[in-house]
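**Q** Generate coordinates for the sequence data below:
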Amino acid sequence: MAQILADSIIYAAEIAVIAIGVALSFSVLRFANFAQVQFAVVGAYLSFAANQSAALPLPLAVLAGVVATGLLAVLVDFLVFARLRHIPPEGKMIVSWGVALFLRAAVAAIFGGASKTFPTQPASLSLGGAFFTSQDVIVVAATLAAVLALHTLLYRTRAGIALRALASNHDLAETRGIPPGRMIEIGKRRVGKECRSRWS
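**A** Residues are numbered from 1 along each chain as shown. This next block holds a predicted model:
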């Protein structure tokens, strides 16, 4: 029983950030973005490349992969989804599937079809009859840190409040002065000062 619980926590931590990203994207953009999962795959391979090719230590390689994947997501949004804001959700969903297939094919073409393994040697640990590794602990801790950071962003910052307002009622939020385009592209620029006083 303890082993099942431990495995469940580890597996949940591995997919939690992706699931939250999909949910947040859907709540703001109002369509299911199938490419979201592929961005996680791209980030993993970019981290591997930074670790192996650029000889960066694993923590720095992961950070580089995260930043590069974020920039790639912004670029994809600019080139593809920004031009499709006003088409029906079904159309954007189909386009996102095409983007996902493109990203998958690009990863396969660059890195090959075989799986890659980081050259790590995690320590074996046990607690209450459950066995896991130090790497599992890092994964769970990193997920908790990411979730807490996102919670802080959404509930303790003006930008987060604006995102929640858009997710709750897009039309009303826009009427109150929250610019949907800027909030969707929140990674590109800050929300203008002229709008802050209107939705504070």
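**Q** Check the residue nearest the centre of the chain and give its pLDDT.
**A** Centroid check for the chain by CA atoms, centre = their mean gives Gly21 as the closest residue, at 4.8 Å. As predicted, Gly21 sits at a pLDDT of 85.
**Q** Next up, identify which helix or strand the nearest residue to it once chain neighbours are set aside is on.
**A** Of all residues not flanking Gly21 in the chain, Gln36 sits nearest, at 5.3 Å (CB to CB, 6 or more residues apart in numbering). From N, CA and C alone the C-beta is placed, and that goes for glycine too. Using DSSP states H and E, Gln36 falls within helix 35-52.
**Q** Ala55 too?
**A** Counting by DSSP H and E, Ala55 is found in no helix or strand.
**Q** and if you look at Ile9?
**A** Going by DSSP H and E, Ile9 is part of helix 2-29.
**Q** which SS class is the closest residue to Leu154 other than its chain neighbours?
**A** Spatially, and ignoring its direct neighbours in sequence, Leu154 is nearest to Gly160 (3.8 Å; CB to CB, 6+ apart). Per DSSP: H, G, I helix; E, B strand; the rest coil, the secondary structure class of Gly160 is helix.
**Q** Surely Gly160 and Leu153 touch.
**A** Yes - taking CB atoms under 8 Å as the definition, Gly160 is a contact partner of Leu153 at 4.5 Å.
**Q** avg pLDDT for stretch 122-134?
**A** 91.
**Q** what does that stretch contact?
**A** Ala2, Gln3, Leu5, Ala6, Asp7, Ile10, Gln135, Asp136, Val137 (CB atoms under 8 Å, 6 or more residues apart in numbering).
**Q** and those residues, which are buried?
**A** Neighbour counting by 16 or more other CB atoms under 10 Å classes Ala6, Ile10, Asp136, Val137 among the contacts of stretch 122-134 as buried.
**Q** Return the closest of these with respect to Asp77.
**A** Ile10 (31.2 Å; CB to CB).
**Q** ok, back up a step: from Ala16, how far out is the residue nearest to Leu154?
**A** 18 Å (CB to CB, to the nearest Å).
**Q** Neighbours of Ala130, how many?
**A** 16 (other CB atoms under 10 Å).
**Q** Check Leu29 too.
**A** Neighbours of Leu29 (other CB under 10 Å): 20.
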